[in-house]
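Novice: coords please:
(2 chains)
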Amino acid sequence: MNNERNWRRTLLGIVDTVTQPLIAVLISFLLGAVVILVIGKNPLLAYGEMIRGAFGKQVYLMNTLKRATPIIMGGLAVCMAWRSGYEAMGGEGQMILGAVAAALVGYYLPVPGWLRIPAAMLAAAAAGAVYSMFSGWLFERFDVTFVISTLMLNYIANYFAAYLCNYPLRDPEANVYQMQNAQTGKLPEDVTLPPIIKGWVHWGFVIAVVAVLVTWFLFKKTSFGYKSRMGGLNPRFALYGGIDARRMLYLVMALSGVMAGLGGSFEVLGSKGRYVDQMIFSTGYAWTGMVAALLANMNPVGTLLASILLAGLAVGGSTMMLNMDIPLEVCNIIEGIITLFMSARMIRIAAGNVRRRKLAKGGGEV
Amino acid sequence: MTYLAQVINSTIREITPILLVALCAGVCSKVQVFNIALEGTLLMSAFFAFLTHYFLRNIFLSVAVSMAVAMGMTLIMSTFIVRLKGQPMIVGMALNTFARGFTTFLLSVIFKTKGAVNPSDLKGLTKFDLPVIKRIPFLSTVFGSLTVIDYLAFVLAVVMFVIMYRTVIGFRLRALGINKSAASSLGINVPRYQILATTLSGSMIGLAGCLLTLGRNAMFIQDISGARGYVALAANNLCKGHPLGAMISSALFGFTTALARSLQGTAIRQQLLQCIPYIATIAAMAFYNAYARAKANRKL
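Specialist: Take a look at the predicted model:
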């Protein structure tokens, strides 16, 4: 009897974790299809175009992986903080400051090119960590909730970065009369992250994958992972167990900021070669990363996979836009609906309802 | 002098949308439904207010549609949180992502643009001039060309105070916020109350949405809500959900936004000025919490 119940619970657990994402994806693509139908396009063709544009050719796949790189880092930042119970959403601000720091150091630091890349990444990590710890300090010292402080800090970072690349750090070679977003100077060729093999994605992606493994290792195999998890599950128990909550707070926030900051630096060093105004804000890398982490239920490896899928959605979406004249924002709609349906514990609740109904009928023991 | 009056006038205009959203946030926080979908709800209602007005040229209908859309979004939000036990933060972010995508999608399908739509032949909400004040020079600028909804926002703040603190329903709502199981043992259907209360209060976001797109001239810009939903969340957090306090805390944010705008063209760069409201938000919350903590310590 007991065995059977355990077995049933395990099965329910597996069904819960696997079915839920599938159902969420299915519903969102169905609703997306309705939207595409309404504007008079063929959803099957559109989705075909989307998948082909994301994973169909090596070039497309590499584009997807390139776009996934900052998303993975943003997702890891969320994993880090949320698992410890700090529902911070400051990834965007930290990523922006990381990107600016990388652009600044990469362009102005008077050392040879090969040394500037690690220096730029270090600066980005430091910028992200400091900004993230600042929101931690606001929480610890003044009880300012993470949700509000980080949301505000995101906007502050974006405007501050806009100021920097419009005035002090403005590209000296930029044409003043050209209608384009302000940007910093173009990094020289030897200060950009090279592709792994010619025609492949840049090394930032490899570092991101390594970061995923490191995070996984931290979570699963170290006392840090245990401590941070305890702090998130039950702060009082953590205190009782002799865990210094304050130290954990700053450590966790710093690590989370390092991830986000590095993500920003990859976008500058690997992809754009400079900081362009709004380049992190408008692409929503940090938000997509957050969605990826949520889809994966804060599991680092799952976050990696979800990030690649979501990046594919966006990259495929632009192919779809070009070839079929369907606005790219269909992808945002789909992303939103996936997240919405992932948030609800539908399966478990449906099962609960069935059980309750059975009980009401007096039908057998459950 | 006229300049000062204009600054006050633009402050009032900045306050009212935030106040309306903060009032909704207040109800949500009182019944323990954490609503971060305010931003997306505001964006959706603003867009549909504009869309209805653009096609049907009927101001009353567009206000109604806007309120309905806002209530619909809030209903989805609270259903997912209360009935389906969704994590509030995730539900909210999902709806915000959806709203951003959906409005931009429709904007590019219907108007073939991704920037601003500003039809010159379309009039905004009817302006409402107070009878006596219209003749007084300074005050006429201060209260000049405000819409009915602007005045309604302050009236609603008082109404919400009366409802929440002086009626049985308000008492029940606050009670279930404080202790769900105690409230349910008194025979209050907690989930139903939560969903109904949040959904009805969502209509106020609809009014705020109308102000954004139809308040001055009729126009829609991509992402027109511009973090007002988040700011309102902060304003509500500052006043701890009290409707009259919301007037003061949203005034703070309205004032800093208007200040930042009035300083444009001075030596300080525009991008730095734009940071002011957000910095003020954080600073106000930090100061207030430090003050509250010090006060609590003194009592002990």
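Novice: for the closest residue to residue B:83 other than its chain neighbours, helix, strand, or coil?
Specialist: The shortest distance from residue B:83 to any residue that is not its chain neighbour, by Cβ to Cβ, 6 or more residues apart in numbering or on different chains, is 6.3 Å, and that residue is residue B:191. C-beta: built from backbone N, CA, C; applies to glycine. Of the three states, residue B:191 takes helix according to DSSP: H, G, I helix; E, B strand; the rest coil.
Novice: Please verify my assumption that residue B:191 contacts residue B:81.
Specialist: No. In this structure, residue B:191 sits apart from residue B:81 without contact. The criterion is Cβ atoms under 8 Å, and the distance is 9.9 Å.
Novice: quick one, which of those two is more surrounded?
Specialist: With other Cβ atoms under 10 Å in any protein chain shown as the criterion, residue B:191 and residue B:81 differ in neighbour count, and residue B:81 comes out ahead with 28 against 15.
Novice: Within the helices and strands, which one has the residue in the stretch 101-250 of chain B positioned nearest to chain A?
Specialist: Proximity of the stretch 101-250 of chain B to chain A (Cβ to the nearest Cβ) peaks at residue B:101, 2.5 Å away. Secondary structure assignment for residue B:101, by DSSP states H and E: helix B:88-110.
Novice: What are the buried residues along that helix?
Specialist: Within helix B:88-110, the residues that qualify as buried are B:88-109, counting by 16 or more other Cβ atoms under 10 Å in any protein chain shown.
Novice: swap in stretch A:94-111?
Specialist: Taking 16+ other Cβ under 10 Å as the neighbour-count basis, stretch A:94-111 is seen to contain the buried residues A:94-107.
Novice: Keep only those of the residues you listed that are in helices.
Specialist: A:94-107 (DSSP state H).
Novice: Setting the sequence-adjacent residues aside, check what's closest to residue 90.
Specialist: Unless you meant another one, I'm taking chain A. Nearest non-adjacent residue to residue A:90 (Cβ to Cβ, 6+ apart): residue A:150, at 3.4 Å.
Novice: nope, chain B
Specialist: Leaving out its chain neighbours, residue B:90 is closest to residue A:343 (Cβ to Cβ, 6+ apart), at 3.9 Å.
Novice: Tell me who's in contact with the one you found.
Specialist: Contacts here follow Cβ atoms under 8 Å, 6 or more residues apart in numbering or on different chains; on that basis residue A:343 touches A:294, B:80, B:84, B:86, B:87, B:90, B:91, B:94.
Novice: Turn those into CSV, including pLDDT.
Specialist: CSV is the format used below for the contacts of residue A:343 (pLDDT from 0 to 100):
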residue, pLDDT
A:294, 83
B:80, 93
B:84, 88
B:86, 86
B:87, 84
B:90, 85
B:91, 91
B:94, 90
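Novice: Pull the most distant pair out of those residues.
Specialist: In terms of Cβ to Cβ, the contacts of residue A:343 reach their longest pairwise distance at A:294 and B:84, which sit 15.1 Å apart.
Novice: quick one: which of those two has more around it?
Specialist: The residue with more neighbours, out of residue A:294 and residue B:84, is residue A:294; 24 against 17, by other Cβ under 10 Å.
Novice: wouldn't the more buried one be in contact with residue A:342 here?
Specialist: Yes. Shown here, residue A:294 and residue A:342 form a contact pair, counting by Cβ under 8 Å, at 6.4 Å.
Novice: what residues are shared contacts of these two?
Specialist: Overlap between the neighbourhoods of residue A:294 and residue A:342 consists of residue B:90, taking contacts as Cβ under 8 Å, 6+ apart.
Novice: For the stretch 151-300 of chain A, what lies in contact range of chain B?
Specialist: Residues of the stretch 151-300 of chain A lying near chain B by Cβ under 8 Å from any Cβ of the partner chain: A:151-153, A:155-156, A:159-160, A:162-163, A:166-167, A:287, A:290-291, A:294.
Novice: residue contacts, the closest residue to residue A:294 other than its chain neighbours?
Specialist: Computed as Cβ to Cβ, 6+ apart, the closest residue to residue A:294 that is not its neighbour in sequence is residue B:90, at 5.3 Å. Taking Cβ under 8 Å, 6+ apart as the contact definition, residue B:90 lies against A:294, A:339, A:342, A:343.
Novice: one more time with 10 Å, if that's ok
Specialist: A:87, A:290-291, A:294-295, A:339-340, A:342-344, B:36, B:80-81 (Cβ atoms under 10 Å, 6 or more residues apart in numbering or on different chains).
Novice: So which bits of the least confident helix or strand in chain B by mean pLDDT are buried?
Specialist: Every helix and strand of chain B was ranked by mean pLDDT, DSSP states H and E. The lowest is helix B:137-142, at a mean of 79. Neighbour-count burial for helix B:137-142 flags B:140, B:141, B:142 (criterion: 16+ other Cβ under 10 Å).
Novice: Next, count neighbours for residue 238.
Specialist: Went with chain A since none was named. Here the neighbour count serves as a burial measure; for residue A:238 (other Cβ under 10 Å) it reads 22.
Novice: that's the wrong chain, I meant chain B
Specialist: Neighbouring residues of residue B:238 were enumerated by other Cβ under 10 Å; the total is 24.
Novice: can I assume it is in contact with residue B:247?
Specialist: No. Contact criterion Cβ atoms under 10 Å: residue B:238 and residue B:247 do not qualify, at 11.6 Å.
Novice: Now list whatever residues contact both of those two.
Specialist: Residues touching both residue B:238 and residue B:247 by Cβ under 10 Å, 6+ apart: residue B:22.
Novice: The helix or strand that the least confident helix or strand of chain B is followed by: which residues count as buried?
Specialist: Past helix B:137-142, further along toward the C-terminus, the next helix or strand under DSSP H and E is helix B:148-166. Using 16+ other Cβ under 10 Å as the burial criterion, the residues of helix B:148-166 that qualify are B:149, B:150, B:152, B:153, B:156, B:157, B:160, B:161, B:163, B:164.
Novice: Now do the helices in chain B.
Specialist: According to DSSP H, the helices that chain B contains are B:2-30, B:38-56, B:59-78, B:88-110, B:137-142, B:148-166, B:168-178, B:180-185, B:190-214, B:228-238, B:243-262, B:270-273, B:276-299.
Novice: so residue A:145 makes contact with residue A:87?
Specialist: Yes. Counting by Cβ under 10 Å, a contact exists between residue A:145 and residue A:87, whose distance comes to 8.5 Å.
Novice: ranges for the helices of the stretch 251-366 of chain A?
Specialist: Taking DSSP state H, counting those that start in this stretch as the criterion, the stretch 251-366 of chain A carries its helices at A:285-295, A:300-324, A:330-343, A:346-361.
Novice: Distance to residue B:168 for these - can I get that in JSON lines?
Specialist: Rendered in JSON lines, the data for the helices of the stretch 251-366 of chain A read as follows (distance: least, Cβ to Cβ, whole Å):
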{"stretch": "helix A:285-295", "distance to residue B:168": "39"}
{"stretch": "helix A:300-324", "distance to residue B:168": "47"}
{"stretch": "helix A:330-343", "distance to residue B:168": "33"}
{"stretch": "helix A:346-361", "distance to residue B:168": "31"}
